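Asks: structural data only, the sequence is not supplied:
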């Protein structure tokens, strides 16, 4: 598994340099479009990035399938096999709404999963060049340094709650439950940024309604391997191919238990 790391990182950096960053703050309106959900955008950079990533990953590990966000948007049946066998999982640009608006954060996310279990994950910030990565049982790293998740240490846990894909009733319930129990902050609208914030002590708790594998396979592994905790709302592990909604991440198991009790019990 270790021999995958260098070629995957090289590929991601090449795609960021050659495709993503040249389009950053340089998109024509005709190069941005909405998917089935009007709040979910795609750009020409997303499409070109996924093509290059898919080609490169297929060359690195030919026996693995490819589950890409934009391919699944075009053919949703591809997602049905996400939990079957060995698969690369690609988010060519996470935080596309930010990218299309010409503002950070956004990222490139890649995971390798086998029968639903994430074996490795990589998260690249194309602007700073920061690479967050983890391998199952091998800990988490930022660039070349081992990292361990830490709590913010504030009087109240800092919570970034992604409620925009929840129903109005769910949003109202989360808001009521969190009042005076958390210090609420804006979400980055980018999982590639949210997971590092949980590890780095910038946020303590995050809630996600949608749990698509390209958004969460790499980040969940990164947080868990760093000693944080990311699980389904019922406390079961995140498994690629599980189509249930709802995911709770925290900078420590202690805070996960506390947040689950406050928000969902």
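Replies: Arrived safely, thanks for sending. Quantities reported herein were computed from a predicted structural model and do not represent experimental measurements.

Asks: from here on, contacts and neighbour counts on C-alpha atoms
Replies: Fine.

Asks: and the pLDDT for the residue nearest to residue 189 when sequence neighbours are not counted?
Replies: Nearest residue to residue 189, sequence neighbours excluded (Cα to Cα, 6 or more residues apart in numbering): residue 95, at 6.0 Å. On pLDDT, residue 95 comes in at 96.

Asks: ditto for residue 2
Replies: For residue 2, pLDDT reads 56.

Asks: thinking again about what came up before, right, and the residue nearest to residue 189 touches residue 109 too?
Replies: No: with contact defined as Cα atoms under 8 Å, residue 95 does not reach residue 109; the gap is 10.5 Å.

Asks: ok, the two, which is more surrounded?
Replies: The neighbour comparison of residue 95 against residue 109 (other Cα atoms under 10 Å) goes to residue 109, with 28 against 25.

Asks: what are the ranges of the helices in the stretch 101-250 of the chain?
Replies: 168-178, 191-199, 213-225 (DSSP state H, counting those that start in this stretch).

Asks: now for the second one, which elements pack on it?
Replies: Counting contacts by 3 or more Cα pairs under 8 Å, 6 or more residues apart in numbering; DSSP states H and E, helix 191-199 packs against strand 107-114, strand 205-208, helix 213-225.

Asks: and that helix, how far out from the chain's middle?
Replies: Mean C-alpha position of helix 191-199 versus that of the full chain (Cα atoms, centre = their mean, to the nearest Å) differs by 8 Å.

Asks: care to break the protein down by domain?
Replies: Following the assignment in the TED database, the chain carries domains at 4-147, 158-264.

Asks: what's the average pLDDT for the last one?
Replies: Just to be clear, that refers to domain 158-264. 94.
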